[in-house]
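> I'd like to go over a predicted model; first the sequence, then the structure.
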Amino acid sequence: MDSGDVPALTIEQKLVCLRNNEPTMKELAITSRQLGDEIGSELAAGLKGNTELKKIDLTFNRLGRQWPGLLADALMVNNTVSWLKIYSSEIGDEGAALLAAALRINSTLRRLDLYRAHIGVAGATAIAAALKTNTGLMALGLGANVFGAAGAVALADGLKINTTLT
């Protein structure tokens, strides 16, 4: 992350800044941790009312089972986050489908990176369906997932209709 995130803060302090809509907090990086659903719930609640945060990096985390749904719910109402990075986290097909539901509504997210997120055919198909109506996303990273040729075909079909991804 860039200068908008203050790495010296604890996770709890970062969540307080998020909830308080701290104007200097443009980026949130919480990486290489085991994050339970309680922290996910706090993050999602903070995102719902936050109008300052632009980038979220959740790289290399072990996320609780509810995280994808919590993030998806928050992204459905948040209109400032433009980049979400969830590398090497076990989102899976169910999580991908939940995030895809958010993509159908959210038009401010410009970049979504789900590298090595354990997304299979069902998750890729859900994302592909969302791409058909999403008008904001400009970059989508899905490398090192497990959706194979069938998932790639579904994504290609979604990209035929999407006019914003480059």
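Nice, I can see it.
> counting contacts, what elements does the strand or helix carrying residue 18 pack onto?
Assigned by DSSP states H and E, residue 18 falls within helix 11-19. If you count contacts as 3 or more C-beta pairs under 8 Å, 6 or more residues apart in numbering; DSSP states H and E, helix 11-19 packs onto helix 37-49. In this view, the C-beta of every residue, glycine as well, is placed from N, C-alpha and C.
> buried stuff in the helix it packs on?
Burial within helix 37-49, assessed by neighbour count using 16 or more other C-beta atoms under 10 Å, is assigned to 39-47.
> what two of the residues you listed have the greatest distance between them?
In the buried residues of helix 37-49, two members sit farther apart than any others by C-beta to C-beta. They are 39 and 47, at 12.4 Å.
> Can you classify the residue nearest the centre of the chain by secondary structure?
With distances taken as C-alpha atoms, centre = their mean, the residue of the chain nearest its centroid is residue 84 (4.1 Å). With DSSP: H, G, I helix; E, B strand; the rest coil as the basis, residue 84 sits in strand.
> returning to that earlier point: pipe the buried residues of helix 37-49 into a markdown table and attach pLDDT per row.
Putting the buried residues of helix 37-49 into a markdown table (pLDDT from 0 to 100) gives the following:
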| residue | pLDDT |
| --- | --- |
| 39 | 93 |
| 40 | 92 |
| 41 | 94 |
| 42 | 95 |
| 43 | 95 |
| 44 | 95 |
| 45 | 96 |
| 46 | 96 |
| 47 | 96 |
